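Asks: Coordinates for the following, if possible.
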Amino acid sequence: MIKPNKLANNNFLSSLDLSTDEIIHILELAKNFKNKDLNIDLNKKVLGLIFDKSSTRTRVSFQVAMSRLGGTTIDLNPTTSQIGRGEPIKDTARVLSRYCDAIAIRTFDHSDLAEYAKWSIKPVINALTDLEHPCQALADFFTIKEEFHDFTNVVLTFIGDGNNVAHSLILCGALLGIEVRIACPKGYEPNSLVINKAYEIYKNKNLLKITNDPFTAVQGANVLYTDVWSSMGEESQKEEKDKEFHGFTIDQNLVRNADKDAIILHCLPAYRSKEITDEVIESKKSRIFEQAENRMHAQQALLSCLLK
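Replies: You can find the predicted model right below:
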């Protein structure tokens, strides 16, 4: 029976904190957790949650994952703790890591997450920053592997803003050697540092494509993926972005240009008729709610490795 392996890195701040073999191992563990073929007891270990941004799936999937592993979670609300009153991160991290066995943090600036990791004596997990969403990527590639059994010849196309989700798909895709295409309006391409890092990892540089044409990007693709156009903290840009992203909606017309057996993913929440139509979300090609469920299984796998 497969057992969790200790990860080389103590923290999970980025997809780059994992090796290719470690990603594959986590995906295999997730499969075993989902099939109820694996029972791990974390013996009442405690996961602290610090969420500066709102969350449904990430928060609940971590809470349920820890519960299923025999652990508990503590929700540390910044508005009702000293975190929200300006206590230095280095003080908070050193105290909380003496109470908790791991800390999952959702915040804006990735440098704040890195500061927590610098001072914490226990594992720190990226539950989303403005730069990356690596836990989401683990669930995404688990969902893809469930559908296609392996990653051979799989083409993943992300349509929308070159945001944190796109960054993690690019980096994780590079580690797995999967063709990743990103289609964004001009000016909304992914971070150039992320793109350059991915090119360093890819053995075949042609497997990463950045384009401003969604129809070119979806040709023959096996997976079509999108996210909200305006991320948390960008509410003031919503009206402008809705105009800029016209033509980047995943609708039936776009889907028809993909592979006939293509699946649809969205990390949710979805704004129907904006980045994706209701018809596509509710279609037989949609794996969006399986993908959401898989957050929990992927989190179980990750936690079992970090807290082993």
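Asks: Which element, helix or strand, includes the spatially most central residue of the chain?
Replies: Nearest to the mean C-alpha position of the chain, by C-alpha atoms, centre = their mean, lies Q136 at 1.9 Å. For Q136, the host element (DSSP states H and E) is helix 134-148.
Asks: got the CA positions of that helix in PDB?
Replies: Extracted C-alpha coordinates of helix 134-148, given in PDB (Å, rounded to 0.1, in the frame of the first residue of the first chain):
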ATOM      1  CA  PRO A 134      -0.400  25.900  -5.900                       C
ATOM      2  CA  CYS A 135      -2.900  23.900  -3.900                       C
ATOM      3  CA  GLN A 136      -5.500  24.500  -6.600                       C
ATOM      4  CA  ALA A 137      -3.000  23.300  -9.300                       C
ATOM      5  CA  LEU A 138      -2.600  20.000  -7.400                       C
ATOM      6  CA  ALA A 139      -6.400  19.400  -7.500                       C
ATOM      7  CA  ASP A 140      -6.500  20.500 -11.100                       C
ATOM      8  CA  PHE A 141      -3.900  18.000 -12.300                       C
ATOM      9  CA  PHE A 142      -5.400  15.300 -10.200                       C
ATOM     10  CA  THR A 143      -8.700  15.900 -12.000                       C
ATOM     11  CA  ILE A 144      -7.000  15.800 -15.300                       C
ATOM     12  CA  LYS A 145      -5.200  12.600 -14.400                       C
ATOM     13  CA  GLU A 146      -8.500  11.000 -13.300                       C
ATOM     14  CA  GLU A 147     -10.000  11.800 -16.700                       C
ATOM     15  CA  PHE A 148      -7.100  10.800 -19.000                       C
END
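Asks: Summarise which helices and strands that helix is packed against.
Replies: helix 20-34, strand 124-126, helix 164-176, strand 263-266, helix 288-306 (3 or more C-beta pairs under 8 Å, 6 or more residues apart in numbering; DSSP states H and E). C-beta here means a position set from N, CA and C on the backbone, and glycine is covered the same way.
Asks: R272 is nearest to which of the ones you listed?
Replies: Of all the helices and strands packed on helix 134-148, it is strand 263-266 that lies closest to R272, at 10.0 Å by C-beta to C-beta.
Asks: list the contacts for the nearest residue in space to T58 that is not next to it in sequence?
Replies: Spatial nearest neighbour of T58, excluding adjacent residues (C-beta to C-beta, 6 or more residues apart in numbering): A127 at 5.1 Å. With contacts defined as C-beta atoms under 8 Å, 6 or more residues apart in numbering, A127 is in contact with 49, 51, 55, 58-59, 62, 104-106, 135.
Asks: quick one: which of the helices and strands packed on helix 134-148 is nearest K6?
Replies: Proximity of the helices and strands packed on helix 134-148 to K6 was assessed by C-beta to C-beta; the nearest stretch is helix 288-306, lying at 6.6 Å.
Asks: what about the helices in the stretch 1-150 of the chain?
Replies: 20-34, 57-68, 89-99, 110-119, 134-148 (DSSP state H, counting those that start in this stretch).
Asks: quick check: angle from the last one to helix 20-34?
Replies: When axes from the mean of the first three to the mean of the last three C-alpha atoms, to 10 degrees is applied, the directions of helix 134-148 and helix 20-34 differ by 70 degrees.
Asks: Count the neighbours of F33 for me.
Replies: Look at F33: counted by other C-beta atoms under 10 Å, it has 23 neighbours.
Asks: how much space between it and L302?
Replies: 10 Å (C-beta to C-beta, to the nearest Å).
Asks: still on that earlier bit, just send the helices of the stretch 1-150 of the chain back as CSV, with distance to N77 and mean pLDDT too.
Replies: Listed next are these as CSV, based on distance: least, C-beta to C-beta, whole Å; pLDDT from 0 to 100:
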stretch, distance to N77, mean pLDDT
helix 20-34, 28, 98
helix 57-68, 11, 96
helix 89-99, 13, 96
helix 110-119, 16, 98
helix 134-148, 20, 98
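Asks: Mind checking those helices for the one nearest to V223?
Replies: That would be helix 134-148 among those, by C-beta to C-beta, at 5.8 Å.
Asks: Pull out the buried residues from that closest one.
Replies: The neighbour-count check on helix 134-148 (16 or more other C-beta atoms under 10 Å) flags 134-147 as buried.
Asks: Counting by contacts, list what the worst-scoring helix or strand of the chain on mean pLDDT packs against.
Replies: Sorting the helices and strands of the chain by mean pLDDT, DSSP states H and E puts helix 238-244 at the bottom, at a mean of 89. Packing contacts for helix 238-244, counted by 3+ C-beta pairs under 8 Å, 6+ apart, involve no helix or strand.
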